[in-house]
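Chemist: quick one, structure for this:
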Amino acid sequence: MNKANLKILITGGAGFIGSHVVRRFVLKYPNYRVYNLDNLTYAGNLENLKDIENKPNYIFIKGNIVDASFVFEIFEKHQFDSVIHLAAESHVDRSISDPLVFVRTNVIGTMNLLNAAKELWNDDFKNKKFYHISTDEVYGSLDEIGLFTEKTSYNPNSPYSASKASSDHFVRAYGETYGLPYVITNCSNNYGPNHFPEKLIPLFINNIINKQPLPVYGDGNYTRDWLFVEDHAIAIDLVFHKGKNQETYNIGGFNEWKNIDLVKLLCKLMDQKLNRKEGESEQLITNVKDRPGHDLRYAIDANKINKELGWEPSVTFEEGLSKTVDWYLNNKEWLDNVTSGSYKEYYKKQYL
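Modeler: Model prediction:
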């Protein structure tokens with residue numbers, strides 16, 4: 001790939017993972033022009049990028065990838081060389097409540113980007129790349145042993161994971177049918193600064209701060225592999241620049257935790273940082289009715305990206321979690337802003 005003066009479209013760049021990717025590319029590659037396309041729904045927040053918003057190589061575009069004509073227009077206007085596609089509806093609980101929203105954004109939105117890239121690149125794909133960010137949830141659920149590899153068959157169990165699986169298939173199909181140069185990464189659960197508090201870790205940090213119940217689904221023995229978001233951004237950088245076209249890379253934290261054990265660790269850490277009595281926050285744990293189609297265990301085999309590109313997590317889970325808690329405690333205004341209004345209604349409906 002010709003790296004000089006690239007024009008890169010990053011979709012969903014005001015969201016959790018996207019904002020970390022945008023920041024990294026803007027600061028590390030000043031000769032690139034980085035276009036951040038985001039519709040600024042509940043999870044998109046330009047406050048996530050206030051520190052770089054005036055950088056000369058950063059351009060924000062507000063818009064919805066579901067709008068095909070809009071997507072085509074911005075491709076035509078800006079002549080992007082590459083796409084890093086993160087924009088997605090990503091919360092399993094919300095997908096259970098309203099699956100069609102996930103189909104529109106995750107499937108149709110991805111199709112619109114693929115079609116625009118194919119048409120505007122005029123089948124001349126030299127120095128072009130379509131990088132699609134996906135999830136380990138497309139593989140379904142694991143028993144107590146085994147790992148997801150790049151060869152694992154798809155077996156999605158929720159509307160969210162089904163929509164992501166579908167988008168993955170379309171990206172590969174465009175590669176096979178039209179020769180579109182693509183790369184796909186499937187990542188494990190991310191955590192870190194700027195995460196909208198509907199997911200487990202930021203939700204529980206916020207609830208512990210406010211001494212609210214900590215709603216744990218079922219018996220809490222669901223297992224996830226956790227990846228610090230800044231390590232994910234580093235991996236995306238590596239895959240974008242050095243990953244092989246028409247390949248998939250799994251990105252995981254080598255870091256499995258049962259939900260209940262993670263919550264207890266978080267409670268202990270928060271009690272220390274808030275100068276509360278040991279065990280105080282753990283008293284907030286409340287078991288709630290399990291959600292439908294709840295996958296037992298996810299675990300990523302990330303040896304391919306380690307061996308081919310030299311990537312590995314830079315922090316332990318305990319270090320990353322401590323950094324994450326510190327960020328939320330030091331950014332109370334950000335947390336208050338994103339948990340006002342419609343978020344409160346959603347939370348009430350989901351957990352109370």
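Chemist: in terms of secondary structure, what does the helix ranked longest in the chain contact?
Modeler: In the chain, taking DSSP state H as the definition, the longest helix is helix 159-178. Packing contacts for helix 159-178, counted by 3 or more CB pairs under 8 Å, 6 or more residues apart in numbering; DSSP states H and E, involve helix 92-97, helix 99-102, helix 109-120, strand 129-135, strand 182-187. The C-beta positions use only the backbone N, C-alpha and C, and glycine is treated the same way.
Chemist: any idea how far the third one is from the chain center?
Modeler: Relative to the centre of its chain, helix 109-120 is centred 21 Å away, using CA atoms, centre = their mean, to the nearest Å.
Chemist: next, the angle from it to strand 129-135.
Modeler: If you take axes from the mean of the first three to the mean of the last three CA atoms, to 10 degrees, helix 109-120 sits at 170 degrees to strand 129-135.
Chemist: angle of the longest helix of the chain against helix 109-120?
Modeler: Between helix 159-178 and helix 109-120, the angle comes out at 20 degrees (the same axes, to 10 degrees).
Chemist: got the CA coordinates for helix 159-178 in CSV?
Modeler: As requested, the backbone C-alpha atoms of helix 159-178 are provided in CSV (Å, rounded to 0.1, in the frame of the first residue of the first chain):
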residue,chain,number,x,y,z
PRO,A,159,-29.6,-10.8,16.2
TYR,A,160,-26.5,-8.7,16.8
SER,A,161,-24.0,-11.5,16.1
ALA,A,162,-26.2,-12.6,13.1
SER,A,163,-26.0,-9.1,11.6
LYS,A,164,-22.3,-9.0,12.1
ALA,A,165,-21.8,-12.4,10.6
SER,A,166,-23.9,-11.3,7.6
SER,A,167,-21.7,-8.2,7.0
ASP,A,168,-18.6,-10.3,7.3
HIS,A,169,-19.9,-12.7,4.6
PHE,A,170,-20.7,-9.7,2.3
VAL,A,171,-17.2,-8.3,2.7
ARG,A,172,-15.7,-11.6,1.8
ALA,A,173,-18.1,-12.0,-1.1
TYR,A,174,-17.1,-8.7,-2.6
GLY,A,175,-13.5,-9.8,-2.3
GLU,A,176,-14.1,-13.0,-4.1
THR,A,177,-16.6,-11.7,-6.7
TYR,A,178,-15.2,-8.3,-7.5
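Chemist: next, the angle strand 182-187 makes with it.
Modeler: Interaxial angle of helix 159-178 relative to strand 182-187 (the same axes, to 10 degrees): 160 degrees.
Chemist: and the contacts of helix 159-178?
Modeler: Taking CB atoms under 8 Å, 6 or more residues apart in numbering as the criterion, the residues outside helix 159-178 that touch it are 88-92, 94-96, 99, 102-103, 105-107, 110-111, 114, 118, 123, 130, 132, 134-135, 137-138, 140, 154, 156, 180-182, 184, 186, 245-246.
Chemist: any of these buried? List them.
Modeler: Taking 16 or more other CB atoms under 10 Å as the criterion, what is buried in the contacts of helix 159-178 is 88-92, 94-96, 99, 102-103, 105-107, 110-111, 114, 118, 130, 132, 134-135, 137-138, 140, 156, 180-182, 184, 186, 245.
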